[in-house]
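Student: Task: produce atomic coordinates for the following.
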Amino acid sequence: MLQEQPREPVRLVVWDLDETFWKGTLTEGGITFLPQNRDLVIELARRGIMSSICSKNDLAAVRAVCEAHGIWDYFIFPSINWEPKGPRLARLIETVKLRPETVLFVDDNPGNRREALFFVPGLQVEDETFVPVLGTHPLLKGKDDKELTRLKQYKVLERRQVDETAAGGDNLAFLRSSGIRITIETDVEKHLDRAIELINRTNQLNFTKRRLPENREEAAAELLKMLSRFNVNAGLVKVHDHYGDYGFCGFYAMVVQVNKSILRHFCFSCRTLDMGVEAFVYQTLNRPELKIVGEVLSDPVTASPVDWIDIAQGTRQEGIETGIETGKSHTPFSLRGGCDLAVIEHYARLVSADVSGSYNIMRNGIDLRLDHSLTTRYAIAGVPKAAATAICRLGYQPEDFACSLFSSPRHGCWVFSFIPDQWVTIYEHKETGTLIPFTVTTQRGLLNVCDLTAAQRAEITDSPDKLQAMDILVEEFRYIGRTPEAVFKDNIRYIFGSIPTATRIFVILGKEYHGSYDTPQTRSRPAIELNQWIRDIAREYPNVEPLLITDFVENPEEIDGAVHFRRMVYFRLFEHIRNSIERLGAQSAESALSKRDGMLIPAAAER
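Tutor: Alright, predicted model coming up:
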């Protein structure tokens with residue numbers, strides 16, 4: 001029976017054949033085939049537990065028997081020859097990318113079992129007397145896989161290995177010929193069990209080693225709690241190539257901040273080892289901060305650029321890309337705003353090779369709102385020279401207004417958020433009349449710093465730089481309050497007018513109510529007014545589309561605080577942007593084709 005020490009659930013059974021899988025010796029004149037063992041292999045496959053063969057025999061003869069009984073295709077990577085079994089078992093386990101502790105070798109010969117343990121320490125071994133209880137043993141319980149998904153994926157690996165061997169060792173040439181493409185499933189909640197399995201069961205390509213509780217309910221609760229955070233982007237990585245579908249082979253969860261992103265989970269199944277998938281995903285995510293824990297089999301941080309993998313694009317079915325087309329588009333995405341736009345940038349990078357963003361800055365305790373209409377305008381027009389020195393003394397720096405996104409015309413797509421204009425206070429430079437936003441991070445009211453005493457200002461912050469900025473506000477600026485309508489509309493017209501008309505512009509409109517429910521009592525007048533001002537200006541520009549973010553909320557639980565939303569809200573919003581761009585592109589192409597055809601028809605008539 002299985003050894004007394006604690007053992008792991010079995011994921012692969014490796015069968016000896018003579019006197020184990022069947023009675024008798026095939027090369028000595030006859031065997032008695034055991035249908036119950038054939039049925040057991042099929043049942044194990046329906047539990048997601050694979051079967052292989054390690055036998056000293058003639059391959060052609062074994063295959064003929066197994067095919068005659070309809071069982072050959074249920075074995076993966078069968079090893080049938082006259083070589084010693086120990087080295088073959090080691091190669092087999094390396095090929096299937098499983099840990100020896102999850103593999104069971106069944107053989108009637110005690111010498112073969114000892115040899116197996118010598119070459120593969122940790123391997124589980126049993127004799128032929130274990131076969132009758134194999135199907136009911138708790139370590140071979142597996143999980144429901146009636147569609148034989150796992151078996152099909154291993155058969156894909158088999159076909160791939162044959163061609164890889166035929167490539168003669170030129171792995172890069174083989175990879176380039178394989179047509180590897182990935183799709184990223186953002187709706188992780190629909191496949192929570194697979195995400196948990198990847199986090200807890202992967203090892204050699206689990207780069208963060210952050211495990212979840214072994215109890216399924218506790219693991220799900222912990223993972224869902226993390227996924228509910230507005231600034232966490234996550235995805236399951238599905239891998240395809242010319243050989244077939246490998247299923248969900250990877251998972252990542254990334255905390256998105258305006259100045260950097262950090263990977264909390266980054267793990268992959270070894271079935272994609274040496275394909276470069278983990279490096280490609282890391283590069284696609286724009287190389288976020290990744291602290292590698294423990295031993296791993298690759299290093300995505302230092303890997304060379306992966307140019308043999310594409311992201312599959314196409315229509316979506318139940319949240320998964322069908323992969324009709326591959327490769328990222330070259331449509332530029334330019335984003336300017338706060339943390340909400342930093343979250344949306346993640347999705348843009350999955351479909352476009354040209355994505356740039358400009359976001360808020362926290363410097364020396366001062367919240368510099370680059371997503372305000374005034375600072376955005378100054379990024380285009382520049383700060384009036386007469387007020388530049390005073391503004392920089394408030395904590396800004398000249399480079400804050402030298403946004404490279406505006407330095408050259410960028411066709412494609414712009415995404416803006418001007419939500420802070422509804423609650424960030426602005427001040428006017430007394431000498432020049434120049435306006436500038438300034439906010440106190442800990443309070444989002446229309447707080448007039450100029451009315452506070454030095455003691456009151458000291459209660460707000462212990463940052464010397466911020467206290468100094470407040471003193472400068474008192475001395476050189478006057479309080480204006482929320483951005484006046486005329487000022488805001490003038491800023492927006494200037495910004496929209498500075499962008500090529502061929503560029504599609506999307507403006508994110510903020511939530512128009514407090515809390516999670518829209519009622520007469522929770523309506524926010526400043527938010528409603530600001531959104532209406534944007535809609536008014538958008539009517540003047542055919543290339544501008546305002547998007548009310550709550551239109552993409554499917555239930556109140558997706559509203560995370562005053563201005564933030566759960567991950568899928570931002571994903572749906574981006575999908576709308578993406579589909580809008582693709583739809584307009586198709587219409588433009590159709591229009592151009594119609595014009596061309598219209599010119600050709602008269603010419604043909606003249607002939």
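
Student: and the helix or strand where residue 14 lies, what other elements does it pack with?
Tutor: With secondary structure defined by DSSP states H and E, residue 14 is part of strand 12-15. The contact analysis (3 or more CB pairs under 8 Å, 6 or more residues apart in numbering; DSSP states H and E) places strand 12-15 against helix 35-46, strand 50-56, helix 85-96, strand 103-106. Where C-beta positions appear, they are placed from N, C-alpha and C, glycine not excepted.

Student: who touches it?
Tutor: 21, 41, 44, 49-55, 75-76, 89, 92-93, 96, 98, 102-106, 134, 140 (CB atoms under 8 Å, 6 or more residues apart in numbering).

Student: Flag the shaky bits of the stretch 101-250 of the chain, pLDDT-wise.
Tutor: Per-residue confidence for the stretch 101-250 of the chain (pLDDT under 70) gives these ranges: 167-169.

Student: which residue ranges form the strands in it?
Tutor: Counting by DSSP state E, counting those that start in this stretch, the stretch 101-250 of the chain has these strands, from start to end: 103-106, 124-126, 180-185, 232-241, 244-256.

Student: Quick one: residues in contact with the third one.
Tutor: Residues from elsewhere that reach strand 180-185 (CB under 8 Å, 6+ apart): 191, 235-241, 248, 275-277, 280-281, 308-312, 319-321, 323, 326, 350.

Student: For the closest residue to residue 531 other than its chain neighbours, the count of nearby residues, please.
Tutor: Spatially, and ignoring its direct neighbours in sequence, residue 531 is nearest to residue 509 (4.4 Å; CB to CB, 6 or more residues apart in numbering). The tally of other residues near residue 509 (other CB atoms under 10 Å) stands at 22.

Student: swap in the one 3 residues further on?
Tutor: When neighbours are counted by other CB under 10 Å, residue 512 registers 21.

Student: Need the per-residue pLDDT for it.
Tutor: The pLDDT attached to residue 512 in the predicted structure is 93.

Student: measure it to residue 526 for me?
Tutor: Applying CB to CB, to the nearest Å, the value for residue 512 to residue 526 is 10 Å.

Student: what are the bridge partners for the residue minimising distance to the centre of the chain, then?
Tutor: Most central in the chain under CA atoms, centre = their mean is residue 235, positioned 3.6 Å from the mean C-alpha point. For residue 235, the residues forming beta bridges with it (DSSP bridges) are residue 252.

Student: Please report how far it lies from residue 560.
Tutor: In this structure, residue 235 and residue 560 are separated by 19 Å, where distance is defined by CB to CB.

Student: quick one: buried residues of stretch 527-542?
Tutor: By neighbour count, and taking 16 or more other CB atoms under 10 Å as the criterion, the buried residues in stretch 527-542 are 527, 529, 530, 531, 533, 534, 537, 538.

Student: Let's have these in a markdown table, adding distance to residue 177, pLDDT and secondary structure.
Tutor: Output for the buried residues of stretch 527-542, formatted as a markdown table (distance: CB to CB, whole Å; pLDDT from 0 to 100; DSSP: H, G, I helix; E, B strand; the rest coil):
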| residue | distance to residue 177 | pLDDT | secondary structure |
| --- | --- | --- | --- |
| 527 | 55 | 93 | helix |
| 529 | 59 | 96 | helix |
| 530 | 54 | 96 | helix |
| 531 | 52 | 96 | helix |
| 533 | 56 | 97 | helix |
| 534 | 50 | 97 | helix |
| 537 | 52 | 96 | helix |
| 538 | 49 | 96 | helix |
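
Student: what would those residues look like in a markdown table with distance to residue 471?
Tutor: A markdown table is the format used below for these (distance: CB to CB, whole Å):
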| residue | distance to residue 471 |
| --- | --- |
| 527 | 32 |
| 529 | 32 |
| 530 | 30 |
| 531 | 35 |
| 533 | 33 |
| 534 | 35 |
| 537 | 36 |
| 538 | 40 |
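
Student: Let me see the contact set for the closest residue to residue 297 other than its chain neighbours.
Tutor: Of all residues beyond its chain neighbours, the one nearest residue 297 is residue 204 (4.6 Å), with distances taken as CB to CB, 6+ apart. Residue 204 makes contact with 97, 270, 273, 295, 296, 297 under the criterion CB under 8 Å, 6+ apart.

Student: List only buried entries from those residues.
Tutor: In terms of neighbour count (16+ other CB under 10 Å), the buried residues within the contacts of residue 204 are 97, 270, 273, 296.

Student: so where's this protein uncertain?
Tutor: In the predicted model, the chain carries pLDDT under 70 at residues 1-6, 167-169, 258, 313-328, 407-411, 441-446, 585-607.

Student: Break it down into its domains, please.
Tutor: 12-148, 167-319, 333-586 (automatic domain parsing).

Student: just so I have it, where are all the strands in the stretch 351-500 of the chain?
Tutor: According to DSSP E, counting those that start in this stretch, the stretch 351-500 of the chain carries its strands in the segments 355-359, 361-363, 366-368, 413-417, 426-429, 435-437, 477-481.

Student: With distance to residue 331 and mean neighbour count added, can I get these in JSON lines?
Tutor: Supplementary listing: those in JSON lines, determined by distance: least, CB to CB, whole Å; neighbours: other CB atoms under 10 Å:
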{"stretch": "strand 355-359", "distance to residue 331": "10", "mean neighbour count": "19"}
{"stretch": "strand 361-363", "distance to residue 331": "27", "mean neighbour count": "15"}
{"stretch": "strand 366-368", "distance to residue 331": "29", "mean neighbour count": "20"}
{"stretch": "strand 413-417", "distance to residue 331": "6", "mean neighbour count": "24"}
{"stretch": "strand 426-429", "distance to residue 331": "34", "mean neighbour count": "21"}
{"stretch": "strand 435-437", "distance to residue 331": "31", "mean neighbour count": "23"}
{"stretch": "strand 477-481", "distance to residue 331": "39", "mean neighbour count": "16"}
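
Student: and those as JSON lines, adding distance to residue 118?
Tutor: Output for the strands of the stretch 351-500 of the chain, formatted as JSON lines (distance: least, CB to CB, whole Å):
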{"stretch": "strand 355-359", "distance to residue 118": "53"}
{"stretch": "strand 361-363", "distance to residue 118": "59"}
{"stretch": "strand 366-368", "distance to residue 118": "64"}
{"stretch": "strand 413-417", "distance to residue 118": "61"}
{"stretch": "strand 426-429", "distance to residue 118": "77"}
{"stretch": "strand 435-437", "distance to residue 118": "72"}
{"stretch": "strand 477-481", "distance to residue 118": "80"}
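
Student: between those, which one is nearest to residue 451?
Tutor: With CB to CB, the closest approach to residue 451 among the strands of the stretch 351-500 of the chain belongs to strand 477-481: 7.3 Å.

Student: partners of that closest one in the sheet?
Tutor: According to DSSP bridges, strand 477-481 forms sheet pairs with strand 426-429 (antiparallel).

Student: one step back: of the contacts of residue 204, closest to residue 368?
Tutor: Residue 368 lies nearest to residue 296 out of the contacts of residue 204, by CB to CB, at 38.4 Å.

Student: follow-up on the earlier one: beta partners for the residue nearest to residue 531?
Tutor: For residue 509, the residues forming beta bridges with it (DSSP bridges) are residue 548.

Student: if I've got this straight, residue 506 is in a strand?
Tutor: Yes - when DSSP: H, G, I helix; E, B strand; the rest coil is applied, residue 506 is found to be in a strand.

Student: Contact partners for it?
Tutor: The contact partners of residue 506, by CB under 8 Å, 6+ apart, come to 413, 414, 415, 416, 544, 545, 546, 547, 577, 580.

Student: What number of residues are in the vicinity of the closest residue to residue 281 other than its chain neighbours?
Tutor: Nearest in space to residue 281, with sequence neighbours left out and distances taken as CB to CB, 6+ apart, is residue 237 at 5.8 Å. Other residues within reach of residue 237 by the criterion other CB under 10 Å amount to 25.
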